[in-house]
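A.B. asks: sequence-free structure coming up:
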C-alpha cells in the first residue's frame with residue numbers, strides 16, 4: 001500500500017505543483033514534459049545535506065520558479081533548526097519512516113502517507129524519529145532560491161546552523177530556534 005501511495009504521489013505532485021497559484025510568477029507554463037527517473041536527480045547531481053541525500057525531481061528552472069520538489073533520503077535522526085521562510089510555502093509528504101514536526105506552536109508526529117503544509121512566515125522544524133532510512137518529499141512554492149541554497153550549503157564543511165545562518169538569510173530563511181530532538 002505504501003508503494004502504491006508513493007507512485008500515485010509521484011505522478012500527481014508535478015501536476016499539483018503546476019495547478020497551485022504561485023504568487024509573484026507570471027508567464028506561460030512549460031511546453032514540454034520532463035522525466036526524472038527513480039533514484040535520479042533532475043540535473044544528475046544529487047547532493048548531501050544534514051546527512052540526507054537530496055534528489056531534485058522538479059526544478060524551479062523547469063517551471064519559471066513556480067516550485068521545486070526534492071525527494072530526500074534521511075539516514076540520521078537529525079533535521080533543520082527551527083526556522084521560517086519569508087517568501088515561500090513548504091509542503092512535506094512522508095514516503096517512509098516517521099518524523100516529529102513543529103509547525104508554529106504545534107508538535108506533530110507524521111508517518112508514511114501523512115503530509116503537512118506550512119505557509120510562509122510560520123516557524124517549523126522536523127526530525128526523523130524512526131529507525132532505518134526514511135524518505136520525505138519536500139516542495140517549496142514558489143521555488144525561490146531553495147535549490148541554490150541547498151546546493152551551496154551542501155558544500156560547506158560545517159553544515160551546522162551557525163555556519164549557514166548568513167547564507168540562509170540571503171535565501172529567505174530565518175533561523176529562530178534549535179533543532180528538534182527525536183525523543
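C.D. replies: Yes, it's here. Computed from a predicted structure; not experimentally measured.

A.B. asks: Wait, residue 116 touches residue 101, no?
C.D. replies: Yes: Residue 116 is within contact range of residue 101, at 5.9 Å (criterion: C-beta atoms under 8 Å). All C-beta spots, glycine's among them, are computed from the backbone N, C-alpha and C.

A.B. asks: tell me, what's touching those two both at once?
C.D. replies: Among the neighbours of residue 116, those also in contact with residue 101 (C-beta atoms under 8 Å, 6 or more residues apart in numbering) are 92, 108, 110.

A.B. asks: Distance check, the residue nearest to the second one when sequence neighbours are not counted against residue 141.
C.D. replies: In other words, residue 108. Nearest-residue entry for residue 108: residue 101, 4.6 Å, with adjacent residues in sequence omitted and distances by C-beta to C-beta, 6 or more residues apart in numbering. Residue 101 is 18 Å from residue 141, where distance means C-beta to C-beta, to the nearest Å.

A.B. asks: Look at the two and report which has more neighbours.
C.D. replies: Using other C-beta atoms under 10 Å as the criterion, residue 101 and residue 141 rank with residue 141 on top: 25 against 20.

A.B. asks: what pLDDT does that one get?
C.D. replies: Turning to residue 141, the model gives it a pLDDT of 98.

A.B. asks: Quick check: the gap between it and residue 97.
C.D. replies: Look at residue 141 and residue 97: by C-beta to C-beta, they are 24 Å apart.

A.B. asks: where exactly do the helices run in the protein?
C.D. replies: Along the chain, counting by DSSP state H, helices occupy 2-19, 146-153, 161-170.

A.B. asks: Just give me the lowest mean pLDDT stretch among those helices.
C.D. replies: Mean pLDDT values for the helices of the chain show the minimum at helix 2-19, a mean of 49.

A.B. asks: tell me the centre residue of the chain?
C.D. replies: Compute the mean C-alpha point of the chain, and by C-alpha atoms, centre = their mean the closest residue is residue 138, 2.9 Å away.

A.B. asks: Kindly provide the distance from the nearest residue to it once chain neighbours are set aside to residue 85.
C.D. replies: Leaving aside its chain neighbours, residue 138 sits nearest to residue 70 (4.7 Å; criterion: C-beta to C-beta, 6+ apart). Residue 70 sits 14 Å away from residue 85, going by C-beta to C-beta.

A.B. asks: Neighbour count: those two, which is higher?
C.D. replies: A direct count of neighbours by other C-beta under 10 Å for residue 70 and residue 85 places residue 70 higher, at 25 against 22.

A.B. asks: Across the sheet, point out what pairs with residue 128.
C.D. replies: Following DSSP bridges, residue 128 is listed with bridge partners residue 99.

A.B. asks: Please tell me how far it sits from residue 37.
C.D. replies: Taking C-beta to C-beta as the measure, residue 128 and residue 37 are separated by 25 Å.
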